[in-house]
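**Q** this is the structure alone, sequence omitted:
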C-alpha cells in the first residue's frame with residue numbers, strides 16, 4: 001500500500017509575499033531508503049517519491065487519494081500570526 005502526505009508547502013523564504021501558497025501538494029513517502037556506502041547519498045528504488053502532485057483544494061487531493069486507494073496523512077496549515085507595527089514604534093521606547 002502506498003503512503004502519502006497532503007499539505008500546503010511553506011512560502012519561499014527569499015520573498016516576503018504569500019504567492020503560490022494556496023496549492024495543496026500530495027507527495028509519496030519512501031518505502032525503502034538506502035544509503036550509498038561510497039558517496040553517502042540516500043537513494044531508493046521507489047520512483048513514486050519523485051512525484052509531486054498539486055491540487056487547488058484540499059478536498060480534491062483527498063478525493064484523489066481515496067480514489068487511488070492511497071493511505072494519506074493530512075497536515076493542516078498553521079495560521080500565521082502577524083503583529084501590526086508602525087515604524088514610529090521603533091522610537092517610542
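**A** Nice, I can see it. Computed from a predicted model, the values in this text were never measured in an experiment. Residues are numbered from 1 along each chain as shown.
**Q** so how far is stretch 50-61 from its chain's centroid?
**A** 10 Å (CA atoms, centre = their mean, to the nearest Å).
**Q** what sits up against that stretch?
**A** The contact list for stretch 50-61 (CB atoms under 8 Å, 6 or more residues apart in numbering) reads 6, 22, 23, 24, 25, 26, 27, 28, 64, 74. C-beta coordinates here come from the backbone N, C-alpha and C atoms, glycine included.
**Q** show me what the last one is bridged to.
**A** Going back to what we said before, that points to residue 74. residue 6 (DSSP bridges).
**Q** what's the neighbour count on residue 55?
**A** As a burial measure, residue 55 scores 17 neighbours (other CB atoms under 10 Å).
**Q** buried residues in stretch 85-92, which are they?
**A** Of all the residues in stretch 85-92, not one is buried under the rule 16 or more other CB atoms under 10 Å.
**Q** and it, how far apart are its ends?
**A** The first residue of stretch 85-92 is 12 Å away from its last residue (CA to CA, to the nearest Å).
**Q** ok, stretch 76-87 next?
**A** Stretch 76-87 has its terminal residues 33 Å apart, counting by CA to CA.
**Q** likewise for stretch 12-22?
**A** Stretch 12-22 stretches 13 Å from its first residue to its last (CA to CA).
**Q** ok, residue 4 to residue 76 distance?
**A** Taking CB to CB, to the nearest Å as the criterion, residue 4 is separated from residue 76 by 15 Å.
**Q** which one of these two is surrounded by more residues?
**A** Each of residue 4 and residue 76 had its neighbours counted (other CB under 10 Å), and the higher figure belongs to residue 4 (21 against 9).
**Q** so the more buried one touches residue 73, yeah?
**A** Yes - the pair residue 4 and residue 73 qualifies as a contact (CB atoms under 8 Å) at a distance of 7.4 Å.
**Q** so which strand or helix has residue 27?
**A** Taking DSSP states H and E as the definition, residue 27 sits inside strand 24-28.
**Q** any idea which helix or strand comes after that strand?
**A** On the C-terminal side of strand 24-28, the nearest following helix or strand under DSSP H and E is strand 34-35.
**Q** worst mean pLDDT across the helices and strands of the protein, which element?
**A** In the chain, the helix or strand scored least confidently by mean pLDDT, DSSP states H and E is strand 42-43, which has a mean of 78.
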